[in-house]
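Below are the sequence and a predicted model for it; my questions follow.
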Amino acid sequence: MEGDEDDGPPMLVEANGSLDPAGERLNGSIEDVKPIKVPITIITGYLGAGKTTLLNYILTARHGKKIAVILNEFGNTANIPEVKKSLTVNEGADAATEWLDLANGCICCSVKDSGVNAIEALMERRGAFDYILLETTGLADPGNLAPLFWVDEGLGSTIYLDGIVTLVDAKNVVRCLDEPVGEEVAEEHAHGEQALLSIAHLQISHADVVVMNKADLVDEEELRAAEQRVRSINALAKVVITDHSKVPQLEGVVLDLHAYDNVTAEDLDFASKGHSHLDPAIGSVSLSFGRLRDVDRLDKWLRSVLWEGQIPGAGKQLDGEIYRIKGRIPLITGELKMLQGVREIFELIDAVDSGEGEVEEGKIVIIGRNIADAATTAAFQSSLDKSLAA
Ligand SMILES: Nc1nc2c(ncn2[C@@H]2O[C@H](COP(=O)(O)OP(=O)(O)OP(=O)(O)O)[C@@H](O)[C@H]2O)c(=O)[nH]1
Ligand SMILES: [Zn+2]
C-alpha cells in the first residue's frame with residue numbers, strides 16, 4: 001500500500017513551448033505524407049531518486065522545444081479498480097484535462113489502452129509536441145512499458161519510444177541493490193517491499209541512460225563505487241552524474257536518444273571490454289563473431305535463446321532472464337544489421353548508414369538476470385560460434 005504513494009493522477013504539462021517549433025516543422029513538411037512521429041522518453045527510477053526534480057528542471061529550462069511532460073502527482077491513492085483519473089495539461093496559464101481510464105489506478109498498467117489515446121487526443125487539440133516525457137511510478141518495471149511504445153504498430157503511428165532514462169540516488173543505490181532479492185524479480189508486476197528492491201535492478205537494467213543523481217551527498221569514492229555498480233548491471237547505458245537532476249544537456253541525455261532504432265559502435269564498446277561482475281543478480285554479457293553470410297542462423301539462435309530460454313547446444317535451460325539485447329551484425333556483403341530487443345521481443349533491422357565504413361566484427365550485448373557469470377558467458381559464446389558456423 002505505502003509503496004503505491006505516487007500512483008496518483010498523472011499530469012500532462014507542456015514545457016516552455018512558446019516558440020512552437022512543432023508548428024514550424026509541421027508547416028515545413030507538407031509534402032511529407034508520413035505522419036510525424038513524436039518521440040517518448042520514459043523517465044523511471046527508485047522512489048525519491050529525483051524524477052520530479054528532473055522533469056521540473058526540464059519544464060523550466062530554456063530549450064525552445066514543445067515538450068509534453070506526464071507527471072505522477074503525489075497522493076495516497078490506493079489502487080482501486082476501474083477508476084477514471086485525470087491527465088492535466090498546463091499551457092502557460094491555461095489548464096486542460098484529458099481523462100484517463102486507469103484500469104487499476106496505475107499508469108504503467110493502463111498507458112497502452114488509454115494513455116496513448118489521451119496523448120493523441122491532446123495533440124489533435126493542441127498541436128503536435130516535439131517530445132513527450134513520461135514519468136513512471138517509483139515501482140514501475142520499464143520492461144512492461146517499453147515494448148508497448150516500441151513495436152506496437154497501433155501506437156507506433158504517432159508515438160515512438162526514444163529511450164528509457166533511469167534516475168538513481170548515488171547515496172542509496174549500492175545499499176538498495178545489496179538488499180536480498182527475492183523471487184519477485186521474475187514477477188511481471190510486483191508491488192511488495194521485496195519487489196521494490198528488485199525493481200531497482202530492473203530499472204537500471206532497462207535504462208538507456210542512467211542519471212546518477214544526488215552527487216552532492218556522496219564523496220568521490222562513494223560516487224565511483226555507485227557508478228561501477230550501475231555499470232556492472234548495465235554495460236550498455238550511458239551514465240550521467242548530476243546534482244539536483246541538472247543534466248548537462250537534454251540532447252543525448254533525455255531527448256534524441258534513438259535507443260530503439262539505432263545501435264552505434266560506441267553503444268557496445270564499453271560492454272565489450274570485460275568487467276568484473278559486481279552484482280550477483282544482473283549483469284551484461286558481450287559476444288563477438290565475424291561477418292555473416294545472412295542473418296538466418298543468428299535469427300534462429302536468438303529465437304532459441306529469447307523465446308525458449310535455451311542456449312543451443314549447451315543442453316540446458318537458462319535459469320535467468322534476458323531483459324535487453326543490442327547488437328551490430330556485419331554481413332559479408334558489406335551490409336550492417338542492427339539487433340534490438342526487450343525481453344522476448346527482438347528485431348533485426350538495417351543499420352542507418354553512418355558512413356563509418358565497413359564493420360569487421362559483429363557484437364551482441366545481452367543484459368539479464370543470472371546470465372553473466374563466467375560459465376554462462378562461455379556457453380553463450382561457444383553456442384553462438386557453433387550455431388553461426390553450422
Ligand atoms: N541533496 C539532494 N537532494 C535532491 C537531489 N535531487 C533531488 N533531491 C531531493 O530529493 C527529494 C526527492 O526528489 P524527487 O524529484 O521528488 O524524486 P522522485 O524520484 O520524483 O520521487 P518519487 O516521485 O517519490 O519517486 C526532493 O526533496 C528533492 O529536492 C540532489 O541531487 N541532491
Ligand atoms: Zn503498475
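Structure received. Residues are numbered from 1 along each chain as shown. Ligands and ions are numbered 1, 2, ... in the order given.

first to last residue in stretch 359-373, what's the distance?
Terminal residues of stretch 359-373 are spaced 28 Å apart (C-alpha to C-alpha, to the nearest Å).

Report the buried residues of it.
The neighbour-count check on stretch 359-373 (16 or more other C-beta atoms under 10 Å) flags V359, G362, K363, I364, V365, I366, I367, G368, R369, I371, A372 as buried. For glycine as for every other residue, the C-beta is placed from the backbone atoms N, C-alpha and C.

count of residues packed around the closest residue to the fifth one other than its chain neighbours?
Nearest-residue entry for V365: A271, 4.3 Å, with adjacent residues in sequence omitted and distances by C-beta to C-beta, 6 or more residues apart in numbering. A total of 23 residues lie near A271 under the criterion other C-beta atoms under 10 Å.

A271 and ligand 2, how far apart?
30 Å (C-beta to the ion, to the nearest Å).

Now do the contacts for that residue.
A235, L236, S284, S286, V365 (C-beta atoms under 8 Å, 6 or more residues apart in numbering).

next helix or strand past the lowest-mean-pLDDT helix or strand in the chain?
Lowest mean confidence among the helices and strands of the chain (mean pLDDT, DSSP states H and E): helix 21-28, at a mean of 40. The element immediately downstream of helix 21-28 (helix or strand, assigned by DSSP states H and E) is strand 38-45.

re the thing from before, for ligand 1, state which of the contacts of A271 is nearest.
Proximity of the contacts of A271 to ligand 1 (C-beta to the nearest ligand atom) peaks at L236, which lies at 22.4 Å.

Is the closest one located within a strand, as I assumed?
No: assigned with DSSP: H, G, I helix; E, B strand; the rest coil, L236 falls outside any strand and is coil.

Can you report how many residues neighbour it?
With other C-beta under 10 Å as criterion, L236 counts 24.

correct me, but it touches I364?
No: in this structure, L236 is not within contact of I364 by C-beta atoms under 8 Å, at 11.0 Å.

can you give me the strands for the stretch 251-390 of the chain?
All strands of the stretch 251-390 of the chain, identified by DSSP state E, counting those that start in this stretch, fall at 282-289, 321-330, 336-342, 345-350, 362-369.

Identify whichever of those lies nearest to I70.
Closest of the strands of the stretch 251-390 of the chain to I70 is strand 336-342, at 20.4 Å (criterion: C-beta to C-beta).

Quick one: residues in contact with that closest one.
Against strand 336-342 from outside (C-beta under 8 Å, 6+ apart): 143, 146-147, 150, 206, 260-263, 295, 302, 306, 322-331, 346-351, 359, 364.

Would you show me how to pick out the buried ones of these in ChimeraX?
In ChimeraX, a selection of the buried entries from those looks like this (16+ other C-beta under 10 Å):
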select :143,146,147,150,206,260,261,263,295,302,306,322,323,324,325,326,327,328,329,330,346,351,359,364
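
Just give me the closest of the buried residues of stretch 359-373 to ligand 2.
R369 (20.1 Å; C-beta to the ion).

and that closest one, how far is that from G283?
8 Å (C-beta to C-beta, to the nearest Å).

Could you list the residues of the stretch 201-350 of the chain in contact with ligand 1?
Counting by C-beta under 6 Å from any ligand atom, the residues of the stretch 201-350 of the chain lying close to ligand 1 are N213, K214, D216, L217, D243, H244, S245.

how about those residues, which pair is most distant?
L217 and S245 (13.1 Å).

Do me a favour and get the backbone dihedrals for S205.
phi -70, psi -20 (degrees, to the nearest 10).

Please list all residues in contact with L54.
I43, V165, L167, V211, N213, S245, V247, V254.

so the last one sits right up against I58, yeah?
Yes: using C-beta under 8 Å, V254 and I58 qualify as a contacting pair, with a distance of 6.6 Å.

which residues do the two both contact?
L133.

Now do H244 against I159, distance only.
The value you get for H244 to I159, if C-beta to C-beta is used, is 29 Å.

The two - which one has more neighbours?
I159 (22 against 13).

Spatially nearest residue to the closest residue to ligand 2 within the stretch 251-390 of the chain, not counting backbone neighbours?
Ligand 2 sits closest to R343 of the stretch 251-390 of the chain, with a gap of 16.6 Å, by C-beta to the ion. Nearest residue to R343, sequence neighbours excluded (C-beta to C-beta, 6+ apart): G143, at 5.7 Å.

Assign that neighbour to helix, strand or coil.
G143 is classified as helix under three-state DSSP.

quick one: contacts for it?
G143 neighbours (C-beta under 8 Å, 6+ apart): L202, H206, Y323, V342, R343.

what about it, distance to I325?
12 Å.

do E266 as well
Using C-beta to C-beta, one obtains 17 Å as the distance from E266 to I325.

could you pull out the helices for this structure?
In the chain, the helices defined using DSSP state H lie at 21-28, 51-60, 107-110, 116-126, 142-150, 153-156, 173-178, 193-205, 220-233, 265-269, 296-302, 308, 374-389.

and for L236 and I364, which residues touch both?
With C-beta under 8 Å, 6+ apart, L236 and I364 have common neighbours K326.

Quick check: beta-bridge partners of the spatially closest residue to T242 that is not a sequence neighbour?
Once flanking residues are discounted, T242 sits nearest to N213: 5.0 Å by C-beta to C-beta, 6+ apart. Legend: beta-bridge partners of N213 under DSSP bridges are D169.
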